[in-house]
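[1] Can you look at this prediction? I've put the sequence above it.
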Amino acid sequence: MTARPGISRPAGLILTTLEGVPGHTIVKHLGLVQGSTVRAKHVGRDIAASFKNLIGGELKGYTELLQEARHEATQRMMKEANKLGANAVVNIRYATSSLAQGAAELFVYGTAVQID
Amino acid sequence: MEGIVAILGLLALGFFAGSNIEKKHFADLQEREYRTRDLTVISLGAKTPIPKANRAKLFVGSVVISSDYFKTFVAGWINFFGGRITSYESLMERARREAILRMKEDAIQWGAQQVVNVRLETAEMGGRGGQGIVSVEVLAYGTGIQ
């Protein structure tokens, strides 16, 4: 595990949607890792959104809510990858499914790998 | 009678406020797209080798956008007769362009030269059996490379 000359290694886990990590080679595949979270909408935000629904435009409250949720899902995936001893997660994909009224599941998955 | 007046009022509000917001958003999108034009965004990259890349980082941009009362009303009618729902087409276009722009702006701040292997995802939010809040989330994510 020697760092290549001229290549700066960012701290922590490298996340990418590619099948490899540019500038590195994959030495070991550690399998699929995933993280998910189910979030319900907030009543206050829902009321604000229903007003906004008359005039259109961005629903900032919901954007933030989903961003937070997605961040949490990603953190969970990273934790799982860390447990496996990975230093990168490649080929990451995001997916969303609405489970019930006003609740959404956000999940993220990728392949944990060890790179040189 | 009062009900009809209320609906007409809401339609007028939706039409005038909605199209004003839409016009402003399109102008804003165009301006930001012009500013970020140097960063190329491609959906290739999974199988194609990327030359001269030393660092990679994941970037995500997302937006939840809502329809206005007028658009929802028009779409309801078109839904009955069939055909192109142009009022929702522009809504989706705005959401996609916004999500891609947010991803690009984050990537530029990090110093990316390119964003590769970009994927777009759409999720419907809420909507109680076709009623209630009509809103859609668009997510754009990709790998920024240096």
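    Looks like it arrived, so ask away. Residues are numbered from 1 along each chain as shown, chains lettered A, B, ... in the order given.

[2] quick one: contacts for B:Tyr141?
    By Cβ atoms under 8 Å, 6 or more residues apart in numbering or on different chains, the contact list for B:Tyr141 reads A:Thr17, A:Ile92, A:Tyr94, B:Leu58, B:Phe59, B:Val60, B:Gly61, B:Met103, B:Val118, B:Arg119, B:Glu121. All C-beta atoms are positioned from the backbone trio N, CA, C, and that covers glycine.

[3] Show only the entries of these found in strands.
    Among the contacts of B:Tyr141, the members found in strands (DSSP state E) are A:Ile92, A:Tyr94, B:Leu58, B:Phe59, B:Val60, B:Gly61, B:Val118, B:Arg119, B:Glu121.

[4] from those residues, which single one is nearest A:Ser36?
    Within the ones in strands among the contacts of B:Tyr141, the smallest distance to A:Ser36 is 10.5 Å, found for A:Tyr94 (Cβ to Cβ).

[5] Three-state assignment for the residue nearest the centre of chain A, please.
    Nearest to the mean C-alpha position of chain A, counting by Cα atoms, centre = their mean, stands A:Thr74 at 3.2 Å. Secondary structure, DSSP: H, G, I helix; E, B strand; the rest coil: A:Thr74 is helix.

[6] now B:Gly45
    Reduced to three states by three-state DSSP, B:Gly45 is coil.

[7] and the gap between it and chain A?
    Distance of B:Gly45 to chain A, computed by Cβ to the nearest Cβ, to the nearest Å: 5 Å.

[8] my read: that residue touches B:Asn117, true?
    Yes. Here B:Gly45 reaches B:Asn117: they are 3.4 Å apart, a contact under Cβ atoms under 8 Å.

[9] any shared contact partners between the two?
    Taking Cβ under 8 Å, 6+ apart as the contact rule, B:Gly45 and B:Asn117 both touch A:Thr17, A:Leu18, B:Thr143.

[10] looking at these, which has the most residues close by?
    Within the shared contacts of B:Gly45 and B:Asn117, neighbour counts (other Cβ atoms under 10 Å in any protein chain shown) peak at B:Thr143, which reaches 29 neighbours.

[11] separation between that one and chain A?
    Applying Cβ to the nearest Cβ to B:Thr143 and chain A gives a distance of 4 Å.

[12] Equivalent analysis for B:Lys71, please.
    When distances are taken as Cβ to the nearest Cβ, B:Lys71 and chain A turn out to be 7 Å apart.
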